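# here's a sequence, model it:
(chains A, B and C)
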Amino acid sequence: MKIIISNASNQPIYEQIVSQIKASILNGELLDANPLPSIRNLAKELQISVITTKRAYDELEREGFIVTVPGKGSYVATQNKELLHEKRLKIVEEKLAEAVSAAKFIQLSLEQLQEMLSLFYEEE
Amino acid sequence: MYHLILKDILVQKIMIMLSFVYIVFFYVVMQGAGLIILPMAITAVTYMLVITACAYDEKNKADVMLNSLPLKRLHIVLAKYLSVFIYLVICTVIYMVITILISLTGLPVKVYPVSLAGLAGGLFAVSLTTGIYFPFYFKFGYIKSKFLNLILFFTLYFGLTSSISFFYMNRDVAWVKNLSSFFQRLSDIQIFAFLVLLTMIILTVSFALSLKAYQSRDL
Amino acid sequence: MEPILEVKKLRKNFKGFALKDISFTMEKGYIMGFIGPNGSGKSTTIKLILNLLRKDGGDIKVFGLDNVKHEIEIKNRIGFVFDENHYYEELTLAEMKKVVAPLYKNWDDRAFARYMADFNLPPHKKIKDLSKGMKMKYSLTVALSHHADLLIMDEPTSGLDPVVRSELLEILTDIIQDENKGVFLSTHITSDLEKIADYITFINDGQIIFSTSKDVLLDQHGLVKGGKDLLDQDIRKSFVYLKENEFGFEGLVKNRQQAKSLLAGQALIEKPTLEDIMLYYTRGL
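The predicted structure follows:
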């Protein structure tokens, strides 16, 4: 797992952690029941405050991505397979929506956009 | 507490080695003073070591550091009082060594071996001076007590010598006669005991004052 | 959870300066930064906690114990690092250790040897021959060698180069890996705290202005810059302090969200640094 903190970003540090851990879970890099670094250890490694990492973990727990066992540590929550699929689908939808609005901005037609999409899809 | 005394000795290692030179100096220069050499030398050098230790504490702002350690202020004060006796012992030993060295080498210097009365005199004079100095030191700190320190040192010196000459010149006045015959009737041991008692009283009062001053002081 | 340090209505009067009934609480497991301009009362507060000064009122509890009644017990569990060294310059590091070590109940000679080696400290050099950074590391070594639960530091980074400062910060985050320990550190170099501090207590002219989590502080406040035409009575009121020049204004607001909704698109609204917050509060009071 990779976490990179930007101090220049307008996004609060805890949000940066949340989104990066979420991404690692959603793209399958972190699997069900994988252990996460302890709150204090993560704070030390990233040289940020304990409260910040705690807040990030609280947020992840609230959203159901991780579970914390008191005295033991935090783990990737066993995801409901359908739910996970839905979440991943949602990401695709969001990105596509972004692409659509960008396309509309430069008055790209649906056909042109679809052509572009199939080109990318086959390329990968 | 023992470690605080060790600290005072460690910081002034060089000073303690120099004490040897100072005492030799007293021995040679004060030859005419006779038996007074012993109390004078050990008083002066002990007092000097006490003051130097206080000066190092001041220089290093030790009050802040010492009181941040798990130490009671009582122990810090007590250590300073006890260190006086350690210095006195060190100086006496140095004096004895010098006396022995002089007799062994046959130098043309008259030797005055350590005597009980001389020691008692030294003990008394040191306790008197440090007994007056410490309460001021613990109340006001080293810098503000510096002036007092000078006064004490000179009073001790001129006081001691002039009172000796005073008693010598007025040896025919009745009360001086009585006093001296009173002391002459006493044995060395009795004089020793009398001075030790007086010393104890001075030190007890002085210690109580120092402790009270230091315990209420803002560092 | 029981606070590791609790200051309640603490008062101390000096000629020309007073600590005015200050209160704050620190939980264990965290780093609290104590900030404020020079002469604001940081050192006075720390000296009162260590019972070097006699308080004129209020309560101080360390580890839940009264700091005067349980002074020795508390000091056995406190490690201190001061701006100036305060150890005996004439002694070598090994000699100084010989004096200090026996005073602590929990002194650990092996830990001492380990830290001395880790920090590359020469045991037989005199303290006066050390660089400022090494002196600080030596103080830290002594503090860590009796396994102190609470580290109290008064301006430990002043006069140090950035490399040593960042080393110190790493050590501090290392210490609170143990969630029963805590670090209380005063500084006027706020950038040191920007990253690692969990809580910030800000003192100015003997009064606590706030004592809160650093994240909340940085997330809520906003630095607003814009043209002077934007400033009307209501908007002016929302600023902690406002600087105006010929071409525009720059100021700190307590509520960044509100400022965004009021001035979005018209003014530049940024996340402030701790230094911005400290400066604007100091000037705005």
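
# for the helix or strand hosting residue A:25, name the packing helices and strands.
Here residue A:25 sits within helix A:13-26, counting by DSSP states H and E. With contacts defined as 3 or more Cβ pairs under 8 Å, 6 or more residues apart in numbering or on different chains; DSSP states H and E, helix A:13-26 has these neighbours: helix A:50-62, helix A:81-105. From N, CA and C alone the C-beta is placed, and that goes for glycine too.

# mind listing the helices for chain C?
Using DSSP state H, the helices of chain C run over C:42-49, C:71-76, C:93-100, C:109-118, C:132-145, C:162-175, C:191-196, C:214-220, C:233-237, C:256-263, C:274-284.

# the fourth one and chain B in contact?
No. Applying Cβ under 8 Å from any Cβ of the partner chain, one finds helix C:109-118 separated from chain B by no less than 15.1 Å.

# helices or strands up against that helix?
Checked by 3+ Cβ pairs under 8 Å, 6+ apart, helix C:109-118 has helix C:132-145 packed alongside it.

# return the set of buried residues in the lowest-mean-pLDDT helix or strand in chain A.
Taking mean pLDDT, DSSP states H and E as the measure, the helix or strand of chain A with the lowest value is helix A:81-105, at a mean of 84. Across helix A:81-105, burial judged by 16 or more other Cβ atoms under 10 Å in any protein chain shown covers A:84, A:87, A:103.

# and which of these is nearest chain B?
residue A:87 (54.9 Å; Cβ to the nearest Cβ).

# so what's the residue count around the spatially closest residue to residue C:89 that is not a sequence neighbour?
With Cβ to Cβ, 6 or more residues apart in numbering or on different chains as the measure, residue C:128 is the residue that lies nearest to residue C:89, at 3.7 Å, once sequence neighbours are left out. Under the neighbour criterion other Cβ atoms under 10 Å in any protein chain shown, residue C:128 is assigned a count of 13.

# is it true that residue C:128 touches residue C:92?
No. Look at residue C:128 against residue C:92 with Cβ atoms under 8 Å: they stay out of range, at 10.1 Å.

# for chain C, which of the helices and strands packed on helix A:13-26 is the nearest?
Set against chain C and scored by Cβ to the nearest Cβ, these come closest in helix A:50-62, at 4.4 Å.

# does chain C have contacts with the next helix or strand after that closest one?
For helix A:50-62, the succeeding helix or strand toward the C-terminus, using DSSP H and E, is strand A:66-69. No. Strand A:66-69 lies out of reach of chain C by Cβ under 8 Å from any Cβ, never closer than 14.0 Å.

# not counting the least confident helix or strand of chain A itself, show me its contacts.
With Cβ atoms under 8 Å, 6 or more residues apart in numbering or on different chains as the test, helix A:81-105 has contacts from A:26, A:64, A:112, A:113.

# which non-adjacent residue is nearest the first one?
Translated: residue A:26. Closest to residue A:26 by Cβ to Cβ, 6+ apart is residue A:88, at 5.7 Å.

# for the helices and strands packed on helix A:13-26, which one sits closest to residue B:141?
Closest to residue B:141 of the helices and strands packed on helix A:13-26, according to Cβ to Cβ: helix A:50-62, at 41.9 Å.

# for the closest one, packing partners?
Packed against helix A:50-62, as judged by 3+ Cβ pairs under 8 Å, 6+ apart, are the following elements: helix A:13-26, helix A:39-46, strand A:66-69, helix C:214-220.

# got a list of contacts for it?
A:13-15, A:17-18, A:21-22, A:36, A:39-40, A:42-43, A:46, A:66-68, A:74, C:29-31, C:176, C:198-199, C:213-215.

# swap in 7 Å and give it another go.
Residues outside helix A:50-62 that contact it (Cβ atoms under 7 Å, 6 or more residues apart in numbering or on different chains): A:13-14, A:17-18, A:21, A:39-40, A:42-43, A:66-68, A:74, C:29-30, C:176, C:198, C:213, C:215.

# related to what we said a few turns ago, redo the helices and strands packed on helix A:13-26 as CSV? Include distance to residue A:9.
As requested, these are exported to CSV (distance: least, Cβ to Cβ, whole Å):
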stretch, distance to residue A:9
helix A:50-62, 13
helix A:81-105, 19
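
# ok, the residue lying closest to residue C:43 once chain neighbours are set aside - contacts?
In this structure, residue C:43 finds its nearest non-sequential neighbour in residue C:154, 5.7 Å apart by Cβ to Cβ, 6+ apart. Contacts for residue C:154 (Cβ under 7 Å, 6+ apart) come out as C:43, C:46, C:82, C:83, C:186.

# how about the nearest residue to the residue of the stretch 1-150 of chain C found nearest chain A, chain neighbours excluded?
Proximity to chain A, evaluated over the stretch 1-150 of chain C using Cβ to the nearest Cβ, is greatest for residue C:30 at 6.1 Å. Distances taken as Cβ to Cβ, 6+ apart place residue C:198 nearest to residue C:30, at 3.9 Å, with adjacent residues excluded.

# report pLDDT for that neighbour.
The per-residue pLDDT reported for residue C:198 equals 93.

# how close does it get to chain B?
Going from residue C:198 to chain B by Cβ to the nearest Cβ, to the nearest Å gives 24 Å.

# quick one: contacts for the residue lying closest to residue C:259 once chain neighbours are set aside?
In space, and not counting its chain neighbours, residue C:259 is closest to residue C:253: 4.6 Å by Cβ to Cβ, 6+ apart. Neighbour list for residue C:253: C:221, C:222, C:224, C:238, C:239, C:240, C:259 [criterion: Cβ under 7 Å, 6+ apart].
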